[in-house]
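Asker: Attaching a predicted model along with its sequence, questions to come.
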Amino acid sequence: VKKKNVINHRILSGIQPSGALHIGNYFGAIRQHIELQQKNECYYFVANYHAMTTIKDPGQLRENSMLVAVDYLALGFSPDCASLFLQTDVREVAELAWILSTVIPLGMLERAHSYKDKIAKGIAPSHGLFAYPVLMAADILIYDSEYVPVGKDQKQHLEMTRDMALKLNALYGDEVLVIPKDLILDEVAVVPGVDGQKMSKSYDNTIEIFQSFKQTKSKLMRIVTDSKGLEDPKDPDNTIVHLYKLFADPKDVEAMREKLLAGGYGYGHAKKELLDTVWAYFEPHRNRREELLKNLDFVEDVLRKGALQAREKAETVMQRVRKACGLQRFV
Ligand code: ADP
Ligand code: TRP
């Protein structure tokens, strides 16, 4: 990793390769990841073990995993500043997950919202899905991570991670695991989807970062509004404006709000302005992505290098853990 003048903190985050990345992922997580890489020691990984809880097609898992890496690079991840790797390239996380599973009370896992939400949506309730937070805790703790930038929906998982680390430390020694903190930006904590609910792959309301102009347009035209006519004054606190705010300058947002309040400006007009802004925003990243797709060997190299860096850190932490827990023959 290239030396930076100031290394503030060790940062880690993961993203599941469960489908095409959307603007909720971008503003809720990825943008922060990219910003943080300059001044911190950052580890980002593609959570392919986690995605096995929902994706059962090997070809699809492999392809999605690669595409997440491509998209990270296209969106500004710099392999000179930080590490990007596949979760499966550091297999010790599965070992640490086992160790943590011996200290986490069952009741805590039973209270996990995300497990309940996922089975309510029809995902098969496997042991892997139930134990998902334990593997996630291992992902975080194995790199002595200090901060974990995520969206608000991951807050409980971070609390569980801290709990597991504290429990393990209480048993085996205060200094065994570093206690991490979440890093959640309030202003973009929940990005709305086209139906006004939280944007999520499982709600069919996403706007993908990388798709054709036509697809982007048809998604944005689906944004749900009230039925006010062209001439009517409109409430500017609507989904179009909430999304526009993520992309546009504050003065342009204010101008859109005023036009809506004044009347004579339809939701169709606002959607068109949003579309042009979204399209222009990702233009440089789209071009970079096209280049990367033609050069997948480069992406492989980035992942290989990232895995080496991550493994080096993980091995140090695992030696400390094994020793503390009595899993090493010699002390
Ligand atoms: P999805 O809900 O579409 O399956 P993931 O659970 O894979 O998304 O989320 C990946 C990352 O993106 C997480 O850090 C999550 O908190 C963040 N994220 C996902 N959806 C949103 C959203 N609508 N608003 C803000 N952040 C989000
Ligand atoms: N659970 C996260 C999500 O669904 C992905 C993830 C797995 C993760 N392991 C992690 C995020 C470790 C941060 C740190 O979005």
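Answerer: Arrived safely, thanks for sending. Ligands and ions are numbered 1, 2, ... in the order given.
Asker: Quick check: phi and psi on the spatially most distant residue from the centre of the chain?
Answerer: Relative to the C-alpha centroid of the chain, counting by C-alpha atoms, centre = their mean, Glu231 is the outermost residue, at 40.7 Å. Backbone geometry at Glu231, expressed as degrees, to the nearest 10, gives phi -80, psi -20.
Asker: just Gln87 next, same as before
Answerer: Torsion angles, degrees, to the nearest 10, at Gln87: phi -50, psi -40.
Asker: thinking it is in contact with Tyr44, fair?
Answerer: No - the pair Gln87 / Tyr44 is not scored as a contact, 10.6 Å apart, by C-beta atoms under 8 Å. C-beta here means a position set from N, CA and C on the backbone, and glycine is covered the same way.
Asker: Quick check: neighbours shared by the two?
Answerer: Gly14 (C-beta atoms under 8 Å, 6 or more residues apart in numbering).
Asker: one step back: what sits against the residue farthest from the centre of the chain?
Answerer: 263-264.
Asker: Repeat that for Phe45.
Answerer: Neighbouring residues of Phe45 by C-beta under 8 Å, 6+ apart: 12-15, 84-87, 90, 139, 306, 310.
Asker: these two touch, right, Leu12 and Asp139?
Answerer: Yes - the pair Leu12 / Asp139 is scored as a contact, 7.2 Å apart, by C-beta under 8 Å.
Asker: Could you pull up phi and psi at the nearest residue in space to Ile23 that is not next to it in sequence?
Answerer: Among residues not flanking Ile23 along the chain, Ile207 sits closest, at 5.1 Å (C-beta to C-beta, 6 or more residues apart in numbering). Phi and psi for Ile207, reported as degrees, to the nearest 10, are phi -120, psi 110.
Asker: same check, this time on Ser212
Answerer: The phi/psi pair for Ser212 (degrees, to the nearest 10) reads phi -70, psi 160.
Asker: where's the closest residue to Lys201 other than its chain neighbours relative to ligand 1, distance?
Answerer: Nearest non-adjacent residue to Lys201, counting by C-beta to C-beta, 6+ apart: Gly19, 4.6 Å away. Gly19 sits at a distance of 7 Å from ligand 1 (criterion: C-beta to the nearest ligand atom, to the nearest Å).
Asker: what does Ala97 give?
Answerer: As judged by C-beta to the nearest ligand atom, Ala97 and ligand 1 stand 19 Å apart.
Asker: Quickly find the element holding that residue.
Answerer: Using DSSP states H and E, Ala97 maps to helix 92-101.
Asker: Show me what that helix packs onto, helices and strands only.
Answerer: Judged by 3 or more C-beta pairs under 8 Å, 6 or more residues apart in numbering; DSSP states H and E, helix 92-101 is in contact with helix 132-141, helix 155-172, helix 296-325.
Asker: looking at those, which is buried most?
Answerer: helix 132-141 (a mean of 25; mean count of other C-beta atoms under 10 Å).
Asker: could I have it exported to PDB, CA atoms only?
Answerer: The C-alpha coordinates for helix 132-141 follow below in PDB (Å, rounded to 0.1, in the frame of the first residue of the first chain):
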ATOM      1  CA  TYR A 132     -24.500 -14.300   8.700                       C
ATOM      2  CA  PRO A 133     -23.700 -11.700  11.500                       C
ATOM      3  CA  VAL A 134     -21.100 -14.000  12.900                       C
ATOM      4  CA  LEU A 135     -19.200 -14.200   9.600                       C
ATOM      5  CA  MET A 136     -19.600 -10.500   9.200                       C
ATOM      6  CA  ALA A 137     -18.100  -9.900  12.600                       C
ATOM      7  CA  ALA A 138     -15.200 -12.200  11.600                       C
ATOM      8  CA  ASP A 139     -14.700 -10.100   8.500                       C
ATOM      9  CA  ILE A 140     -14.400  -7.000  10.500                       C
ATOM     10  CA  LEU A 141     -12.400  -8.300  13.500                       C
END
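Asker: Tell me where the stretch 51-200 of the chain has strands.
Answerer: All strands of the stretch 51-200 of the chain, identified by DSSP state E, counting those that start in this stretch, fall at 83-86, 147-149, 181-183.
Asker: Out of those, flag the one nearest ligand 2.
Answerer: The closest of those to ligand 2 is strand 147-149. By C-beta to the nearest ligand atom, the value is 5.1 Å.
Asker: Can you confirm whether the closest one lies near ligand 2?
Answerer: Yes - using C-beta under 6 Å from any ligand atom, strand 147-149 reaches ligand 2 at Val148.
Asker: Can you list the helices and strands that that strand packs against?
Answerer: Under the contact definition 3+ C-beta pairs under 8 Å, 6+ apart, strand 147-149 sits against strand 10-15, helix 31-36, strand 181-183.
Asker: who wins for proximity to ligand 1 among those?
Answerer: strand 10-15 (5.1 Å).
Asker: can you tell me the average pLDDT over that closest one?
Answerer: Averaging pLDDT along strand 10-15 gives 96.
Asker: Contacts for it next, please.
Answerer: Residues outside strand 10-15 that contact it (C-beta under 8 Å, 6+ apart): 21, 25, 29-30, 33, 36, 40-47, 50, 68, 87, 136, 139-140, 143-150, 180, 183.
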